[in-house]
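Visitor: Provided below are the primary sequence and the corresponding predicted coordinates.
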Amino acid sequence: MDKDTKQKLFDYIASSKRDIVALETLLTSHPALAPENGGQGEIEKCEALIAWLREQGFTNIERYDASDPRVASGIRPNAVVTLPGKSDDFSVWVMAHLDVVPVGEKSLWHSDPWKVVEKDGKLYGRGVEDNQQGLTSGVFAALAYMKCGIVPEHTVKLLFMADEEVGSEYGIKYLLKAHKLFRKEDIIVIPDGGDAKGETIEVAEKNILWLRFRVTGKQTHGSRPDTGCNACLASDALALSLHDMKDVFDKRDPLFTPDCSTFEPTMRMQNVAGINIIPGEDVFCMDCRIIPCYTLKEVYAEVDKRCKAIEKKYGVKIEYTMPQAGESPATPVDAPVVQKLSEALKAVHGKTARTIGIGGGTVAAPLRELGYNAAVWSTLDDMAHQPDEYCILDNIVSDAQTLAFLFGA
């Protein structure tokens, strides 16, 4: 990219702060909660975004909606905006998700979560960082080309996905199963994770395993444990036993933080309604993040072994389901997406990128499972899912400039 072109694009993005705030405000005003979280999905948010994009002059917008009878609209929307390039030998993708997580404890917020508040260079509101920051930076990088009358070197595609927060069945997993959108040579950037300096490029994820256990015993009076079978007691023992699997799967990998596999008890359902009742049923969940050198098949075998031991010791029956399970290979550190993104960070901001792995799950994992190299990157304070979630306005600008440079590389 020549100096004049770069300056023109960067100046446009830097001058667009009010428009960036306006887009964030629009997006936040449409709560996009999955039905699992008591919402109606992303349809209102998606349609508001598409209307805004058309007003700005984008015309090549395609919808790839997944059917979901649980929401009133019957669909979970996915949309692709295409900006043609000088060459279409590969496309540069910027992928962001439309859905957000619930507010949580509203009393912990200092403002209305669904109304953006701008203060001290930060935008506060649910979803402003996760994942509207990445969405907005991609949009304004592409918008800079269009408004400045510059054609990117390669075709640019912006993907807005549904359902990332609760498993991606109606988002990226649906798209990969039902449509052929990607090519192995495509450059795929997912601005849905990063660090405060924007220097880390995520190329690997721990294997993820969510488990939901139902332990069945026999309910009885709290004064007569001898006449029942305490499911809560057996659940506690099982949770501790499963937590100790970290001592079996004990290898470490410095690519990740923490550098070990973790097996954590998390959500627990209410069992009985009185203190003097010994429960005959108890349900709890585990969130397991496993170093990729181990397979989920190995983990399942150890889980089954420990369940049987608890059943035998406590006289209970244990069943479990897997609300989410996934394992994926890493994106090679010499993959074009990593190299080009690293070059853009160096050229635009003088930053030396470093590759990392994470314990959290992103839409990169299902892409990598099918052989598509994807990189997760952004400049953020990692406020996702927290009260008073915020993003830094200057980060949106700087990330948009980085992406704009990448589009012209």
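Guide: Thanks, I have the structure now. Residues are numbered from 1 along each chain as shown.

Visitor: so where is the stretch 201-350 of the chain shaky, pLDDT-wise?
Guide: Applying pLDDT under 70 to the stretch 201-350 of the chain flags no residue at all.

Visitor: just give me the neighbour total for residue 270.
Guide: 8 (other CB atoms under 10 Å). Bear in mind the C-beta positions are built from the backbone N, C-alpha and C, glycine included.

Visitor: distance-wise, check it relative to residue 69.
Guide: When CB to CB, to the nearest Å is applied, the distance between residue 270 and residue 69 equals 28 Å.

Visitor: next one: residue 295
Guide: Residue 295 sits at a distance of 35 Å from residue 69 (criterion: CB to CB).

Visitor: out of the two, which sits in the more crowded spot?
Guide: Counted by other CB under 10 Å, residue 295 and residue 69 do not tie: residue 295 has more neighbours, with 12 against 8.

Visitor: enumerate every residue touching the residue nearest to that one when sequence neighbours are not counted.
Guide: The spatially closest residue to residue 295, leaving aside those adjacent along the chain, is residue 327, at 6.7 Å (CB to CB, 6 or more residues apart in numbering). Each residue near residue 327 by CB atoms under 8 Å, 6 or more residues apart in numbering is listed here: 207, 208, 290, 292, 295, 296, 365, 369.

Visitor: let's see that with 7 Å instead.
Guide: Neighbour list for residue 327: 207, 292, 295, 296 [criterion: CB atoms under 7 Å, 6 or more residues apart in numbering].

Visitor: just the buried ones from the residues you listed?
Guide: 207, 292, 296 (16 or more other CB atoms under 10 Å).

Visitor: residue 47: which of the residues you listed is nearest?
Guide: Proximity of these to residue 47, judged by CB to CB, is greatest for residue 207, which lies at 36.0 Å.

Visitor: surely residue 89 is within a strand?
Guide: Yes. Checked against DSSP: H, G, I helix; E, B strand; the rest coil, residue 89 lies within a strand.

Visitor: can you tell me how far it sits from residue 334?
Guide: Counting by CB to CB, the separation of residue 89 from residue 334 is 20 Å.

Visitor: and what of residue 372?
Guide: According to CB to CB, residue 372 and residue 334 sit 16 Å apart.

Visitor: those two: which has the busier surroundings?
Guide: Summary of the neighbour comparison: residue 372 and residue 334, criterion other CB under 10 Å, with residue 372 having more neighbours (20 against 8).

Visitor: I figured that one hits residue 184, correct?
Guide: Yes. Under the criterion of CB atoms under 7 Å, residue 372 lies in contact with residue 184, with a separation of 6.4 Å.

Visitor: secondary structure element for residue 239?
Guide: Using DSSP states H and E, residue 239 sits in helix 231-243.

Visitor: before we move on, what about residue 123?
Guide: Element membership for residue 123 (DSSP H and E) is strand 122-124.

Visitor: if you count neighbours, what's buried in that strand?
Guide: 122, 123, 124.

Visitor: gap between residue 356 and residue 199?
Guide: The gap separating residue 356 from residue 199 is 10 Å, by CB to CB.

Visitor: picking up where we left off before, out of the contacts of residue 327, list just those in helices.
Guide: Among the contacts of residue 327, the subset assigned to helices under DSSP state H consists of residue 296.

Visitor: make CSV from the contacts of residue 327 and add distance to residue 285 to it.
Guide: CSV is the format used below for the contacts of residue 327 (distance: CB to CB, whole Å):
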residue, distance to residue 285
207, 17
292, 22
295, 22
296, 17
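
Visitor: next, the spatially most central residue of the chain: phi, psi?
Guide: In the chain, the centroid-proximal residue (CA atoms, centre = their mean) is residue 362; its distance is 4.1 Å. Comment: the main-chain dihedrals of residue 362 come out as phi -130, psi 180, following degrees, to the nearest 10.

Visitor: thinking it is in contact with residue 189, fair?
Guide: No. No contact is recorded between residue 362 and residue 189 when judged using CB under 7 Å, the distance being 11.6 Å.

Visitor: for stretch 193-213, list every residue counted as buried.
Guide: Neighbour counts using 16+ other CB under 10 Å place 193-195, 198-213 of stretch 193-213 among the buried residues.

Visitor: swap in stretch 302-321?
Guide: By neighbour count with 16+ other CB under 10 Å, stretch 302-321 contains the buried residues 302, 303, 306, 307, 310, 311, 314, 316, 318, 320.

Visitor: residues in contact with the second one?
Guide: Just to be clear, that refers to residue 303. Taking CB under 7 Å, 6+ apart as the contact definition, residue 303 lies against residue 242.

Visitor: report the separation between it and residue 353.
Guide: Taking CB to CB as the criterion, residue 303 is separated from residue 353 by 37 Å.

Visitor: could you do the first one as well?
Guide: Residue 302 sits at a distance of 37 Å from residue 353 (criterion: CB to CB).

Visitor: quick one: distance of stretch 43-58 to the chain centre.
Guide: 22 Å (CA atoms, centre = their mean, to the nearest Å).
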